[in-house]
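Participant: Sequence below, structure please.
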Amino acid sequence: MIEYDAIIFVSTDSMWDTLKDVNKRVLRVTNGKVIKALGPYRLRTEAAYHGYNVRIVEFFDEFSDEKFDKILDALVTEKTKFIGISVPISESYPIDFFFDNKNKFKNLKKRNLKICLGGQGIKKKYFYTNSLNVKDFESLICDIDFVIGGFAEKAFINVLDFLSGKTKTNLGEPYSEFKNTYYLHGTSLGFDTHNLRTVWLPEDIIEPWHALPIEISRGCIFKCSFCSFELNGKKKFDYFRREEELYSEFMHNYENFGVTRYVFSDDTYNDSREKIDMMSRVIKKLPFKIEFSAFIKPEMLLAYPEHQKILIDQGLISQSVGFESFYPETRKSFKKGKQVDEMLKAIKNMWEYGNSKGVSLKTHFLMIIGGPHETKESVINGYEFAKKQKYISAISYVPLRIYNIENNTDHAFVDDISKDPESFGYKIYEKNMYSVKWDNGHMNVDDAYLLHIKYEKDLRTWMHPLAALGTTQTLPTVLTEKSFNQLYNNPDSTIDDLLFEYHVNPNKEILLNFRDKIYQAIIDGVRTPINIERYVESQPIKFA
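Facilitator: Coordinates of the predicted model:
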């Protein structure tokens with residue numbers, strides 16, 4: 001029987017969230033269970049390269065204390081080095097998360113298990129200030145032994161090696177307030193771009209209609225002035241994955257689970273002709289047709305106009321477009337292209353070409369409120385324009401966030417606007433722990449948040465019902481496969497159709513059904529090893 005070196009629990013809030021309108025009817029579900037959190041499964045695969053067995057257990061928050069006990073009884077042995085908890089981090093989330101799950105944390109410490117918290121959003125000082133450095137924290141929950149932020153592959157292996165006695169140093173930085181808690185910044189330790197395969201197993205409960213996340217590359221060649229992503233500014237094409245590895249991952253998922261739908265985990269999928277050409281070669285070799293969603297940069301649709309058709313031919317059915325603003329001068333300050341009309345025409349061309357091929361392309365515009373030079377009037381005009389365009393399925397707005405770099409004491413990347421807001425025309429009139437309040441001469445941050453709240457309510461009234469669930473990759477699990485096909489193939493379906501489907505199949509009920517299947521697989525002893533070696537030549541993945 002397989003014994004596990006580590007067990008990673010995934011918090012439910014990182015998998016799904018429900019927004020409701022004023023009548024308490026579910027109108028939109030984001031981060032549906034179909035989009036599994038990629039990180040823990042990537043770590044499990046990386047651990048297999050190094051000879052470690054790791055078990056992933058989703059729905060950490062949704063298990064009763066009694067069932068949580070039974071899970072630990074079934075999986076934990078003397079070989080188990082530590083328990084990982086994958087958590088989303090926001091301003092209020094850590095404290096709430098610990099309070100809500102305090103019995104589970106106490107249970108782990110009773111068993112003398114080391115605890116490691118992970119999540120790309122974790123920042124060292126931000127984390128301890130909001131979570132660890134609160135009154136009676138230790139008596140409320142327990143000591144946290146390790147905290148990992150960023151891309152965690154090497155940090156994760158370092159912790160396993162340290163607890164296994166293979167090394168005497170864990171390469172972490174201790175918190176001054178909590179001497180037994182160590183922080184590891186995964187991104188600074190690096191990762192192997194040529195071995196980013198993620199292996200899915202039967203105990204993950206994968207259905208044929210799921211849309212699985214898959215990394216195409218890691219990193220971005222651009223450096224937008226508002227973006228604080230740590231892997232911005234890549235200069236070479238060495239951030240691509242290998243064709244052989246991608247092909248093997250697609251084939252593995254098809255042969256073992258029948259999966260043909262994907263969420264491309266790629267910071268800018270269409271950033272170059274080389275990447276799209278590479279993916280065309282991979283996709284053409286597959287003996288089946290894939291469908292996928294991806295993040296698309298509109299400027300590149302002008303740089304490589306042939307991609308407007310190629311992306312549809314590859315299988316693109318849903319795209320998130322980082323448009324940020326319809327105002328040319330704001331886009332210029334963001335280091336984005338100013339040819340607004342041309343980019344909109346390119347996206348419309350894709351929609352029309354998709355229709356001619358029987359593809360109902362869904363396009364989600366991602367916008368920022370409060371960019372340099374942006375007025376409230378230009379935001380409102382842009383929103384009203386978007387509502388009238390058939391090729392825009394959804395649009396979302398977020399207020400610009402400028403960070404307080406005085407408190408940025410960890411390794412996190414700092415965006416250009418936060419480094420010098422005054423040079424972008426911002427006046428800073430208040431500083432909080434992690435961000436600042438700004439005024440761009442036309443609106444302030446409070447104005448931006450009020451517009452954001454207004455649009456969140458109004459969006460429910462005009463978006464296509466498919467887009468009301470987020471991009472289409474969320475649909476297959478939120479709905480039944482039959483209803484998914486009916487809605488997907490009928491662009492005239494109404495929001496009432498969608499609400500009826502929710503009434504028949506409430507989203508949470510479906511998710512908890514998956515929770516029960518995952519629990520039963522643990523109790524039934526389903527344990528599948530990963531038989532995989534670090535890439536030297538193309539090697540198939542096998543279940544042992």
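
Participant: Now do stretch 285-301: distance to the chain's middle.
Facilitator: 17 Å (C-alpha atoms, centre = their mean, to the nearest Å).

Participant: Could you do stretch 282-296 as well?
Facilitator: Centre to centre, stretch against its chain (C-alpha atoms, centre = their mean), the figure for stretch 282-296 is 20 Å.

Participant: Could you give me the buried positions within it?
Facilitator: 282, 283, 290, 291, 292, 293, 294, 295, 296 (16 or more other C-beta atoms under 10 Å). Where you see a C-beta, it was placed from the backbone N, CA and C, and this is true even at glycine.

Participant: Next, the distance between the ends of it.
Facilitator: Between the opening and closing residues of stretch 282-296 there is a gap of 19 Å (C-alpha to C-alpha, to the nearest Å).

Participant: contacts for that stretch?
Facilitator: 211, 243, 246-247, 250-251, 254, 260-264, 266-270, 311, 314-322, 471-473 (C-beta atoms under 8 Å, 6 or more residues apart in numbering).

Participant: Weed out the non-buried ones from these.
Facilitator: 211, 246-247, 250-251, 254, 260-264, 266-270, 311, 314-322, 471-473.

Participant: domains of the chain?
Facilitator: What the record gives for the chain is the domain set 6-191+510-526, 203-462, from automatic domain parsing.

Participant: Could you tell me the end-to-end distance of the shortest one?
Facilitator: Criterion C-alpha to C-alpha; first-to-last residue distance in domain 6-191+510-526 is 16 Å.

Participant: Helix or strand: which one has residue 278?
Facilitator: According to DSSP states H and E, residue 278 maps onto helix 273-285.

Participant: next one: that helix to chain centre, how far?
Facilitator: Helix 273-285 has its C-alpha centroid displaced from the chain centroid by 24 Å (C-alpha atoms, centre = their mean).

Participant: following that helix, which helix or strand shows up next?
Facilitator: With DSSP H and E, the next secondary element past helix 273-285 is strand 291-296.

Participant: Let me know the average pLDDT across that next one.
Facilitator: Over the span of strand 291-296, the pLDDT mean works out to 89.

Participant: List the neighbouring strands of that strand plus their orientation.
Facilitator: Counting by DSSP bridges, the strands paired with strand 291-296 are strand 261-265 (parallel), strand 316-324 (parallel).

Participant: Nearest to residue 523, out of the ones you listed?
Facilitator: strand 261-265 (29.5 Å; C-beta to C-beta).

Participant: which residues touch the helix or strand hosting residue 350?
Facilitator: Taking DSSP H and E as the definition, residue 350 sits inside helix 340-356. Applying C-beta under 8 Å, 6+ apart, the contact partners of helix 340-356 are 298-299, 301-302, 305, 308-309, 311-312, 317, 319, 321, 323, 326, 328, 331, 337, 360-361, 363, 389-392.

Participant: Which strands border the next helix or strand after it, and is each parallel or antiparallel?
Facilitator: The helix or strand immediately downstream of helix 340-356 is strand 362-369, counting by DSSP H and E. In the sheet, strand 362-369 lines up against strand 316-324 (parallel), strand 394-399 (parallel) (DSSP bridges).

Participant: Residue 415: which of those strands is closest?
Facilitator: When those are compared by C-beta to C-beta, strand 316-324 sits nearest residue 415, at 12.9 Å.

Participant: Taking their axis directions, the closest one and helix 340-356 sit at what angle?
Facilitator: For strand 316-324 against helix 340-356, the angle by axes from the mean of the first three to the mean of the last three C-alpha atoms, to 10 degrees is 170 degrees.

Participant: quick revisit: nearest to residue 528, of the strands paired with strand 291-296?
Facilitator: Of the strands paired with strand 291-296, the one closest to residue 528 (C-beta to C-beta) turns out to be strand 261-265, at 21.7 Å.

Participant: tilt between the closest one and helix 273-285?
Facilitator: 160 degrees.

Participant: and residue 366, what are its bridge partners?
Facilitator: With DSSP bridges as the rule, residue 366 is bridged to residue 322, residue 396.

Participant: and if you look at residue 184?
Facilitator: residue 148.

Participant: tell me the pLDDT at it?
Facilitator: 82.

Participant: swap in residue 334?
Facilitator: pLDDT, residue 334: 86.

Participant: quick one: low-confidence parts of the stretch 151-300 of the chain?
Facilitator: For the stretch 151-300 of the chain, the stretches with pLDDT under 70 are 170, 175-179, 188, 190-191, 193, 219-222, 226, 228-239.

Participant: follow-up on the earlier one: for the strands paired with strand 291-296, could you give me TSV that also reports distance to residue 113?
Facilitator: Compiled in TSV, the strands paired with strand 291-296 are given as follows (distance: least, C-beta to C-beta, whole Å):
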stretch	distance to residue 113
strand 261-265	30
strand 316-324	39
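
Participant: I'd like to know which of those strands lies nearest to residue 417.
Facilitator: strand 316-324 (12.2 Å).

Participant: Check which element follows the closest one along the chain.
Facilitator: That would be, after strand 316-324 and using DSSP H and E, helix 328-333.

Participant: any idea how far that next one is from the chain center?
Facilitator: 27 Å.

Participant: same check, this time on stretch 359-367
Facilitator: With C-alpha atoms, centre = their mean, you get 18 Å for stretch 359-367.

Participant: now swap in stretch 321-340 and tell me
Facilitator: 24 Å.

Participant: Now do whichever strand or helix holds residue 518, average pLDDT.
Facilitator: Per DSSP H and E, residue 518 falls inside helix 507-523. Mean per-residue pLDDT for helix 507-523: 81.

Participant: Can I get that helix as CSV, trimmed to CA atoms?
Facilitator: In CSV, the C-alpha atoms belonging to helix 507-523 read as follows (Å, rounded to 0.1, in the frame of the first residue of the first chain):
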residue,chain,number,x,y,z
ASN,A,507,-24.1,24.3,-8.0
LYS,A,508,-23.1,23.6,-4.4
GLU,A,509,-25.0,20.3,-4.5
ILE,A,510,-22.9,19.2,-7.4
LEU,A,511,-19.7,20.3,-5.7
LEU,A,512,-20.5,18.5,-2.5
ASN,A,513,-21.3,15.4,-4.6
PHE,A,514,-17.7,15.6,-5.8
ARG,A,515,-16.5,16.1,-2.2
ASP,A,516,-18.3,12.9,-1.3
LYS,A,517,-16.7,11.0,-4.2
ILE,A,518,-13.3,12.2,-3.1
TYR,A,519,-13.9,11.1,0.5
GLN,A,520,-15.2,7.7,-0.6
ALA,A,521,-12.0,7.2,-2.8
ILE,A,522,-9.9,7.8,0.4
ILE,A,523,-12.0,5.4,2.5
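
Participant: now the end-to-end length of stretch 397-414.
Facilitator: OK, stretch 397-414 end separation, C-alpha to C-alpha: 22 Å.

Participant: cool, stretch 368-376 as well?
Facilitator: 12 Å.

Participant: mind checking how far it is from the chain centre?
Facilitator: For stretch 368-376, the distance to the chain centre is 26 Å (C-alpha atoms, centre = their mean).

Participant: And for stretch 304-315?
Facilitator: 24 Å.

Participant: any residues touching that stretch, and which ones?
Facilitator: Counting by C-beta under 8 Å, 6+ apart, 270, 273, 276, 279-280, 283, 289-292, 294, 296, 300-301, 319, 346, 349-350, 353-354, 357, 359, 361 sit against stretch 304-315.

Participant: ok, back up a step: now the domains of the chain in CSV, please, with extra columns for distance to residue 197.
Facilitator: Output for these, formatted as CSV (distance: least, C-beta to C-beta, whole Å):
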stretch, distance to residue 197
domain 6-191+510-526, 6
domain 203-462, 5
